[in-house]
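*Asks:* structure for this input, please:
(one chain, ligands or ions: 1)
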Amino acid sequence: MDAVEVRDLQRTYSGGVRAVRGISFTVGRGEVFGLLGTNGAGKTSTVDVVTGLARPSAGTVRVLGHDPVRDRRLVRPRTGVVLQSGNLPGDLTVAESLQMWSGTLTRSRPTAEVVEVVGLQHKLDATVKSLSGGERRRVDLAVALLGRPELLVLDEPTTGLDAQSRRAVWGLVRHLVDEGTAVLLTTHHLEEAEELSDRLAIMHRGLVAAEGTISDVVAGHRSEIRWAASAGRPAAADLDPGDTVTVDGRHVVVRTDHLQRSLSRVLAWADAQDAALPGLQAVPASLETAFLELAATEEAA
Ligand SMILES: Nc1ncnc2c1ncn2[C@@H]1O[C@H](COP(=O)(O)OP(=O)(O)OP(=O)(O)O)[C@@H](O)[C@H]1O
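*Replies:* Sure thing, here's the model as predicted:
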């Protein structure tokens, strides 16, 4: 049984906003599933249904085999949730916050273990309201981890964290996944999605525009070679068959499925002209190029 099964999910808000227009995906045990998307794509509207905060307008959602709203009392203790706005009381210290949460759980991890995992030993006596944004995020994570969750829902878990803390969170997530935890991750950081996700979906305007492993999603998107337009552009006959060349703002852009071969052709063309190519870049197809291309499409409108 998958940790999360979303089938034909729709969410329509009062006023008729169709935030989610029929999406399906699963998150397996011991898997990180990344949910990416453009602003307003419907990620939070989807996560709210998975965490039992809202009901679907149509379609079904199962979490650990249960309905997350009807069976909330079964599902919630087995799920760790880190939402964008943590809502721990500001006047409690870090230690008090963790003890309070631990007291509500039937099989809590020792708080000292969790504190060490998230690196908050030096802030145990600080009040939550006195913490920096990144430190608060760590407390949110610590709370989510206390219950040994089978499913961890992370909504933008590293927003506001510095590069070192972000990597620490990534290491932590990988450690939990190795232990068998399933993770549903939303993020705007494509590097984070690349680093952590086993599979991912890119949402755009309430639909899933692409889904699969990173290689699946990147496949079919083209690599780019670019340089300053002042150096001129080659004719189609100078390039590899199938390549396209455009002038994009101040750059010449060659799009290709065969980056190395095309780069050789471009360099041979430049040599023949005795031309320098200022700002020359060869950019392999990546999650970022795929994301930008999908975000620019209007088909899903
Ligand atoms: N309570 C609400 N009432 C009406 N419309 C809403 C409500 N909440 C969200 N929406 C709309 O639903 C759409 C999807 O919003 P949602 O917050 O799910 O997107 P998102 O992918 O999480 O976006 P972002 O990346 O910007 O956080 C948006 O057009 C948003 O304006």
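*Asks:* burial of Pro110, as a residue count?
*Replies:* Neighbours of Pro110 under the rule other Cβ atoms under 10 Å: 11. All C-beta atoms are positioned from the backbone trio N, CA, C, and that covers glycine.
*Asks:* distance check, the residue in the stretch 201-301 of the chain positioned nearest to the ligand against Asn39.
*Replies:* In the stretch 201-301 of the chain, the residue that lies nearest the ligand is Met203 (6.3 Å; Cβ to the nearest ligand atom). Applying Cβ to Cβ, to the nearest Å, the value for Met203 to Asn39 is 11 Å.
*Asks:* give the buried residues for the helix or strand harbouring Glu135.
*Replies:* Per DSSP states H and E, Glu135 falls inside helix 133-146. Neighbour-count burial for helix 133-146 flags 134-146 (criterion: 16 or more other Cβ atoms under 10 Å).
*Asks:* do the same with stretch 241-249
*Replies:* Across stretch 241-249, burial judged by 16+ other Cβ under 10 Å covers 243, 245.
*Asks:* do you know how far Thr93 is from Leu141?
*Replies:* For Thr93 relative to Leu141 (Cβ to Cβ), the value is 17 Å.
*Asks:* ok so, going back, Met203 and Asn39: who's more crowded?
*Replies:* Shown here are Met203 and Asn39; by other Cβ under 10 Å, Met203 has more neighbours (27 against 7).
*Asks:* quick check: pLDDT value at the nearest residue to Arg78 once chain neighbours are set aside.
*Replies:* In space, and not counting its chain neighbours, Arg78 is closest to Glu150: 4.8 Å by Cβ to Cβ, 6 or more residues apart in numbering. We have a pLDDT of 94 for Glu150.
*Asks:* and if you look at Ala300?
*Replies:* You'll see Ala300 listed with a pLDDT of 40.
*Asks:* returning to what we had before: just list whatever residues bridge to the residue of the stretch 201-301 of the chain closest to the ligand.
*Replies:* With beta bridges defined as DSSP bridges, Met203 has these partners: Gly37, Val208.
*Asks:* and it, what does it touch?
*Replies:* By Cβ atoms under 8 Å, 6 or more residues apart in numbering, the contact set of Met203 is 23, 35-38, 41-43, 46, 209.
*Asks:* rewinding a little: where is pLDDT lowest across the buried residues of helix 133-146?
*Replies:* With pLDDT as the yardstick, Gly134 is the minimum among these, at 81.
*Asks:* would you confirm that it contacts Ala168?
*Replies:* No: counting by Cβ atoms under 8 Å, Gly134 stays clear of Ala168, with 10.2 Å between them.
*Asks:* buried ones in stretch 210-225, by neighbour count?
*Replies:* Applying a neighbour-count criterion of 16+ other Cβ under 10 Å, one finds 210-211, 214, 217-218, 221-225 buried in stretch 210-225.
*Asks:* looking at those, which is nearest Leu74?
*Replies:* Distance to Leu74 across the buried residues of stretch 210-225 (Cβ to Cβ) is lowest for Glu211, with 28.4 Å.
*Asks:* what about that closest one, distance to Ile23?
*Replies:* 9 Å.
*Asks:* joint contacts of those two?
*Replies:* Here Glu211 and Ile23 have Ala201 as joint contacts, going by Cβ under 8 Å, 6+ apart.
*Asks:* I'd like the average pLDDT over stretch 160-168.
*Replies:* Stretch 160-168 comes out with an average pLDDT of 84.
*Asks:* buried set for it?
*Replies:* 161, 165-166, 168.
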